[in-house]
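Participant: A predicted structure for the sequence below; I have some questions about it.
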Amino acid sequence: MNGADFVAFSLTPLLIGSLAALACALPGNFLVLRRQALVGDAISHVVLPGIVLAFLVTGTISTWPMLLGSAAAAIVAVVLIEAIRRFGRIEPGAAMGVVFTAMFAAGVLALEQSDTSGVHLDVEHALFGNLESLIWLDATGWESLLDPAALAGLPPELFRISLVTLAVVAGLAVFWRPLAISTFDEGFAKTLGLPVRAIGLGIVIASALAAVAAFDAVGSIIVIAMFICPPAAARLMTNRLGVQVAWSAVFALIAAVLGFTLAGSGPAWFGSENAVSAAGMVGTVAGVILACAALFGPARN
C-alpha cells in the first residue's frame, strides 16, 4: 500500500479506532479500581435503545440526539433496576443483569423493525461498528492534511470522537487529585469535603460520553473491550495510578492499531482473501494483552 492509499483508506479508521480506545480506556481505569468494571459493559448495552430512539424521533444520527436518547435510556434503566430490586426482592446485581440484557435486546429488536437503510445503523453496526468504512475519499496523499478542501471531507466521526477524547483527557487532568483520593479512600475524601457522589457520577458520565461517541464508529464490542481490558491489564503492571493510566493508554493504542492492521492483512498470511471484522480483531487483541498481563505482569500478585 502506497502513501496515498494509506491516507485515503487506513489513516482515518486508525485514528478513529485509536481515539475511541483511549476515550473508553482512560475512565475505565477508575471503574476497574472502584470495582465497577461492569458499569462500562452496562453503559454499552443501555445506550443502544437510546440511540435507536433518538434516530426514530429525529431521523438522523447526530451527537446531541444520541446523547439525549442515551441519557433517557439510562434514566429508564435506573428506574427499572430499582423497581425490580424492591418489588422482586432480589439483589442489585441480578436486577442490573436483567435490565441491561432486556434493554439491549429491545434495542436490537427495534433496529430489526426500523427502516435504517439511509444511515449506518443496523444490528451488525450496533455490534461491530463500521470502522472499515470510515475512509477519507477526498484524500490524495499526505499533502491532503494541509488542503482545506480535502479536510472538509473527513468522516464526521473523527471530529466527534476527537472532541470527546480531549474532554476526557482534560477532565482527568483537572480533577486528578479528587479522583485519586475518592477512588482509593472514599472515607478520607469525605473528611476533606470532597463531593464523593458527584465524583462517582462524573466518572459514569464521562464513560457514557465516551461510549456514545465511540458506539457509532466502532460498535459495542470495542466499547466493552476498551472499558475493561486495557485498564485491567495496566493494573497488573503497576501499583501506581499515574503509571497505570499511562499503561492503559499504551495498551489501548496497541489493541486499536494492531487489531485494525491484523483485520485487513492477517487473513492473507493464512491464504485467505477475505478480511475479518476490525472491531472483533481489536477486541481479540485487547483480550490477548490482558491475558499476557495476567500471566507475566509484575503486579499480578
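Facilitator: Perfect, thanks for sending it.
Participant: what's near enough to touch the spatially most central residue of the chain?
Facilitator: For the chain, the residue nearest the mean C-alpha position is V223 (3.1 Å; C-alpha atoms, centre = their mean). Residues near V223 by C-beta atoms under 8 Å, 6 or more residues apart in numbering: 20, 24, 40, 43-44, 210-211, 214-215. Just so you know, the C-beta spots here come from the backbone N, C-alpha and C atoms, and that holds for glycine as well.
Participant: got TSV for the residues you listed, with distance to I81 too?
Facilitator: Shown next, in TSV, are the contacts of V223 (distance: C-beta to C-beta, whole Å):
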residue	distance to I81
A20	27
C24	23
G40	16
I43	13
S44	16
A210	22
A211	18
A214	24
F215	21
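Participant: out of these, who's the most crowded?
Facilitator: When neighbours are taken as other C-beta atoms under 10 Å, the top entry among these is C24 (35 neighbours).
Participant: surely it meets A211?
Facilitator: Yes - the pair C24 / A211 is scored as a contact, 6.8 Å apart, by C-beta atoms under 8 Å.
Participant: what residue ranges in this protein are flagged as low confidence?
Facilitator: Filtered on pLDDT under 70, the chain yields the residue ranges 1-2, 60-63, 92, 115-127, 216-217, 267-268, 270-273.
Participant: picking up where we left off before, mind checking how far the residue nearest to the centre of the chain is from I75?
Facilitator: 20 Å (C-beta to C-beta, to the nearest Å).
Participant: how many residues are close by A263?
Facilitator: Counted with other C-beta under 10 Å, A263 comes out at 23.
Participant: which strand or helix spans it?
Facilitator: helix 241-269 (DSSP states H and E).
Participant: may I see the buried residues of that helix?
Facilitator: The neighbour-count check on helix 241-269 (16 or more other C-beta atoms under 10 Å) flags 241, 244-245, 247-260, 262-264 as buried.
Participant: could you do stretch 29-36 as well?
Facilitator: Neighbour-count burial for stretch 29-36 [16+ other C-beta under 10 Å]: 29-33, 36.
Participant: now stretch 178-190
Facilitator: So stretch 178-190, judged by 16+ other C-beta under 10 Å, has buried residues 178-183, 189.
Participant: give the next helix or strand downstream of the strand or helix carrying D41.
Facilitator: Here D41 sits within helix 37-58, counting by DSSP H and E. Next helix or strand after helix 37-58 toward the C-terminus (DSSP H and E): helix 63-88.
Participant: so which elements touch that next one?
Facilitator: helix 37-58, helix 92-113, helix 196-235 (3 or more C-beta pairs under 8 Å, 6 or more residues apart in numbering; DSSP states H and E).
Participant: against I203, how distant is V196?
Facilitator: V196 is 11 Å from I203, by C-beta to C-beta.
Participant: these two: which has the busier surroundings?
Facilitator: It is I203, of V196 and I203, that has more neighbours when counted by other C-beta under 10 Å, with 23 against 17.
Participant: and the residue lying closest to the more buried one once chain neighbours are set aside, what element?
Facilitator: Using C-beta to C-beta, 6 or more residues apart in numbering and skipping residues adjacent in sequence, the residue nearest I203 is F30, 5.1 Å away. Element membership for F30, per DSSP H and E: helix 12-33.
Participant: got the angle for that helix vs helix 37-58?
Facilitator: Comparing the axes of helix 12-33 and helix 37-58 via axes from the mean of the first three to the mean of the last three C-alpha atoms, to 10 degrees yields an angle of 130 degrees.
Participant: which helices and strands does helix 12-33 pack with?
Facilitator: Using 3+ C-beta pairs under 8 Å, 6+ apart: helix 12-33 touches helix 37-58, helix 156-174, helix 176-184, helix 196-235, helix 241-269, helix 278-296.
Participant: and it, how far out from the chain's middle?
Facilitator: Centroid displacement of helix 12-33 relative to its chain, using C-alpha atoms, centre = their mean, to the nearest Å, is 6 Å.
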